[in-house]
Structure formats: structure tokens, C-alpha cells
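Undergrad: coords please:
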Amino acid sequence: AVGTVVVHLAFPDLPTGYTIHARSQYWSNSVRMAADHPVLGRGPNTFALEGARYRTLEEAVDLGRLTADEPHSVLLAFSANAGLVGALGFLALAAWVLTMGFSLDRSDVLGGAFFGAAIAYLVQSLVSIDQLSLRGALWVAVAGLAVSARRRDESHSVASGKSKLLPRGAAYLVAVGTIALAVSTSLNFIRADHLLERGFALMERDSVDAALVSFEQASGLRDEPQYRRTRIEVLGWVALEDPESRLPLIAEMETEGSYLDGLPDPRGIFALARNYHYWGSFSPHADARAIELFRKGLALDRYNLFAR
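TA: Sure thing, here's the model as predicted:
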């Protein structure tokens, strides 16, 4: 898969599928972003917010107004977000995994399973995004490898007296704690996704109040721009269709959109701008506010043809 994307970057005129073409664009954007901030990067997960600044007109034409939260390569994401420091840290972890894995005893089946899980993560990370559930799976595998390495060192040790290694109980406690944290976090994320889908289903059945509660619960479990954007859009739709509740819904939408004051999220800005644009028929200041927001968003994503 990596080779396919690289070949497409080298020979862009060759026919290819949509996902390969999109990834080649995202990779190019992340490299340009990393080049601007080579040592420490731009900040944690900032590709989701500022990656659009680095896309080309060709990408805007090919991919439309959609942009990616991640460059679909974990190493490139670290390079763009955390610079050389982050990229080297990720490579150091990969090197540790390989060193520990290849030094395991052949009879250590459980350690081999953890090693395989870590390798699976590293391979998929070359061409995929880094969801928290995947990162949790990586740390579970790393914890398992660490415990296996500890047991190997214990069995090979010829020293007498107390071991200087981490006590067995503490090692297992770390592994169990890591697994529990990963499972808990993943379940919260799954619950948030379920609430989001439930909210859309309730909207289709005209159960507006229940849908708004579901969207609010989802954003409470995953306080991320993606969920805030969705809630902004839904509040705008409901306000457009429900004149009686319009004013409080608009106020609630503006409160939800206040995160944009400190977070340059172009898609959130455009979502807010679209709502104001749709409200032009009943709000005297809506059109002016929409134009202001569209201009603000275009300063971050200048080739967004929809916004233009």
C-alpha cells in the first residue's frame, strides 16, 4: 500500500483509485507542514485544523470541500504535529518493539502474540489514521511485551539474591491497568459513535428534542471538533425549521461554536457560516456574519471551492 501511494506521487498521471489519490494528497500536505515546523511540529493533532492550509488547488478540485483530520500515515502525522522529535520518538518505539520481539524465547507463545499485535499496529500505521482505540491496542501490546521481556530476563538471570527488575506483581499490574484503560476508553468512543448515529436516526423520525440530547451526550463523551461541528449543524437545521424555538437554539449554537475562538477549525467555521447563510431570510445580521465567517475559513483553507 505504501508503495502504491509513493508510485502515484512519482507518477501522478497513472490511473489509480480514489483512496490512493487522496492519500497522496494528504501525505504531500503533511510533508509541507512538517517542513515549516521541522523540530517540534505545529502542535498535537494540529493537522486536523491546519492541514487544509497546505493543500493545493488540484486537491480542492479533486476532493472537494472535504479535508482530512490525519494524513493517513502515523509517522507523517507525528512529523507534521510533533516534528522531528515526535517522529524520532515513534521510530524509537518501533525499534524497541522489534528488539524485544526478536529477543523473546521461542517457547514464549503469549509474548509472541503481543509482538504480533504490535507489528500489526506498526504495519497498518504506515497508511492509516491513529484512532485512540488503535493507540490503546498498541500500548496493550507494548505492556505485554514488557512483561514477557521481564520474565525472560528473570529466567536467564544467574545472579543470586533479590532481583533488581520490576517485581512480578507490579509488572502484571501495569499490564492489567493499561488494558483496562484501553478497554474503557474504547467503550466510551464506541458509545459516543452510537449516540451520534442514534441522533441522526431520531432526526429522521422528527424526534428533535431527543436527537439534541443524544448529540449533546455524544460530544460529552468525545469532546472533539468533529462532534462539535455536527452539533452546530444540527442546531442550525432545527432552528431553521422551528420558528418557536429559534432564538434559544441560535444562542445554543453560538455557545457551541465558541470553541472556534481559540481553535482554527475550518470545517467548524464553514458549518457555522452555512447556518448563518441559511438564516438570511429572518435575521438581518445573518448574511454579514456568514460572509465574515466564510472569509475567516478561507484564510485557513483558501482553495475550498464550496466556501468561495
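
Undergrad: so where do the helices sit in the stretch 201-308 of the chain?
TA: Along the stretch 201-308 of the chain, counting by DSSP state H, counting those that start in this stretch, helices occupy 208-221, 225-241, 246-256, 266-278, 286-300.

Undergrad: Actually, the stretch 1-150 of the chain.
TA: Going by DSSP H, counting those that start in this stretch, the stretch 1-150 of the chain shows helices at 2-10, 18-36, 47-50, 57-63, 74-102, 109-125, 132-156.

Undergrad: Can you check the pLDDT for Met253?
TA: Per-residue pLDDT puts Met253 at 86.

Undergrad: Over to Ser186?
TA: For Ser186, pLDDT reads 76.

Undergrad: Over to the one 5 residues further on?
TA: We note a pLDDT of 88 for Arg191 in this prediction.

Undergrad: Leu40 now?
TA: Model confidence at Leu40, given as pLDDT, is 92.

Undergrad: what's the spacing between it and Ala82?
TA: Separation of Leu40 from Ala82 (CB to CB, to the nearest Å) stands at 7 Å. All C-beta atoms are positioned from the backbone trio N, CA, C, and that covers glycine.

Undergrad: neighbour count winner among these two?
TA: Legend: neighbour count by other CB atoms under 10 Å for Leu40 and Ala82, higher for Ala82 (23 against 12).

Undergrad: Tell me the spacing between the closest residue to Gly83 other than its chain neighbours and Gly86.
TA: Once flanking residues are discounted, Gly83 sits nearest to Gly41: 3.6 Å by CB to CB, 6 or more residues apart in numbering. From Gly41 across to Gly86, the span is 6 Å (CB to CB).

Undergrad: Any stretches of this structure with poor pLDDT?
TA: Across the chain, residues meeting the criterion (pLDDT under 70) sit at 1-18, 64-66, 156-169, 171.

Undergrad: what residues are shared contacts of Gly41 and Gly86?
TA: Applying CB atoms under 8 Å, 6 or more residues apart in numbering, one finds that Gly41 and Gly86 are jointly contacted by 78-79.

Undergrad: if you count what's nearby, which of those two comes out ahead?
TA: Gly41 (23 against 20).

Undergrad: ok, that one touching Ala77?
TA: No: between Gly41 and Ala77 there is no contact under CB atoms under 8 Å: 9.5 Å.

Undergrad: on that earlier part again, who touches the residue nearest to Gly83 in this structure?
TA: Taking CB under 8 Å, 6+ apart as the test, what Gly41 contacts is 34, 78-83, 85-86.
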